[in-house]
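Engineer: next come a sequence and a model predicted from it.
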Amino acid sequence: MTYIITLGLIGLFMLGIPIAMSLGLTGLIAFFIEQGSRMNIPMIAQRMMYGINNFVLLAVPLFILSARLMNTSGVTTRLFNFATTIVGFLPGGLGTRIAWAA
């Protein structure tokens with residue numbers, strides 16, 4: 001089942017389908033494969049609500065959204081400039097800056 005979900009997600013990403021739609025479609029397909037002929041329609045809504053309440057699954061799209069917002073507003077550039085100012089003279093270069101920016 002894990003292989004089906006992983007390959008489905010990769011395939012939908014390669015087709016250019018947005019992440020949220022890919023997660024939803026892959027979840028529905030996996031649910032239909034798992035349930036087969038004994039599918040209960042109200043259970044689909046219940047499982048979808050369970051998926052929305054799962055914070056681990058919400059972390060990925062929200063992390064991408066926050067990174068996009070930070071990049072658009074210029075926070076990331078200022079953060080790396082600050083880290084370069086603080087530790088730019090130390091040996092280690094990029095690794096040290098990334099550790100300070102994080």
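Structural biologist: Happy to help now that I have it.
Engineer: ok, longest helix in this protein?
Structural biologist: Of all segments of type helix in the chain, defined using DSSP state H, the longest is helix 55-73.
Engineer: helices or strands up against it?
Structural biologist: helix 19-35 (3 or more C-beta pairs under 8 Å, 6 or more residues apart in numbering; DSSP states H and E). For the C-beta atoms, the positions are set from N, CA and C on the backbone; glycine is no exception.
Engineer: low-confidence stretches in the protein?
Structural biologist: Along the chain, segments meeting pLDDT under 70 span 37, 51, 97, 100-102.
Engineer: spatially central residue in it, please.
Structural biologist: residue 60 (2.4 Å; C-alpha atoms, centre = their mean).
Engineer: list the contacts for that residue?
Structural biologist: Counting by C-beta atoms under 8 Å, 6 or more residues apart in numbering, residue 60 makes contact with residue 19.
Engineer: same thing with residue 32?
Structural biologist: residue 39.
Engineer: how distant is stretch 71-91 from the center of its chain?
Structural biologist: Chain-centre distance of stretch 71-91: 24 Å, with C-alpha atoms, centre = their mean, to the nearest Å.
Engineer: check which residues of it are buried.
Structural biologist: Neighbour counts using 16 or more other C-beta atoms under 10 Å place 83-84, 87 of stretch 71-91 among the buried residues.
Engineer: with secondary structure and distance to residue 77 added, can I get these in a markdown table?
Structural biologist: Below are the buried residues of stretch 71-91 laid out as a markdown table (DSSP: H, G, I helix; E, B strand; the rest coil; distance: C-beta to C-beta, whole Å):
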| residue | secondary structure | distance to residue 77 |
| --- | --- | --- |
| 83 | helix | 11 |
| 84 | helix | 11 |
| 87 | helix | 17 |
